[in-house]
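>>> no sequence on this one, just coordinates:
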């Protein structure tokens with residue numbers, strides 16, 4: 001399973017954290033997604049693969065308040081597994097003094113079977 005890419009939307013902050021703090025936070029998000037993603041057994045058995053584009057809103061505390069599929073993988077099972085991973089989840093919180101307090105994040109989660 002490949003590592004997801006993270007794109008954070010929002011205007012730059014007036015009192016923004018250092019670039020290193022943002023880079024560390026993004027790496028923490030990637031690590032969280034990688035650690036919490038699971039390949040559904042039913043999808044494995046059926047040989048389903050694909051990338052799920054998902055957008056979620058992250059509160060200042062790190063809580064996911066909303067998640068939606070931007071583009072499906074072609075497998076409802078993989079799409080639902082991605083949403084289930086994010087529903088009510090608590091991800092690493094953004095660095096202090098980042099704006100906006102809520103962030104919209106877009107990621108692509110790839111499910112690929114090894115051959």
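Right, received. Where do you want to start? Keep in mind it's a predicted model, so treat the numbers as computed, not measured.

>>> and residue 51, how far is that from residue 104?
Distance, residue 51 to residue 104, using Cβ to Cβ, to the nearest Å: 19 Å. Glycine gets a C-beta too; all of them are placed from N, C-alpha and C.

>>> quick one: list the elements packing against whatever helix or strand residue 108 lives in.
When secondary structure is defined by DSSP states H and E, residue 108 falls within strand 103-111. Strand 103-111 is packed against strand 5-9, helix 19-36, strand 50-58, with contacts defined by 3 or more Cβ pairs under 8 Å, 6 or more residues apart in numbering; DSSP states H and E.

>>> show me what counts as buried in the second one.
In this case it means helix 19-36. 22, 25, 26, 28, 29, 30, 32, 33 (16 or more other Cβ atoms under 10 Å).

>>> and the pLDDT for the fifth one?
Looking at residue 29, its pLDDT is 93.

>>> neighbour count: residue 51 and residue 104, which is higher?
residue 51 (19 against 14; other Cβ atoms under 10 Å).

>>> can you tell me how far the spatially most central residue of the chain sits from residue 18?
Among the residues of the chain, residue 107 comes closest to the average C-alpha position under Cα atoms, centre = their mean, at 5.0 Å. When distance is defined by Cβ to Cβ, residue 107 is 23 Å away from residue 18.

>>> neighbours of residue 37, how many?
Neighbour count for residue 37, taken as other Cβ under 10 Å: 17.
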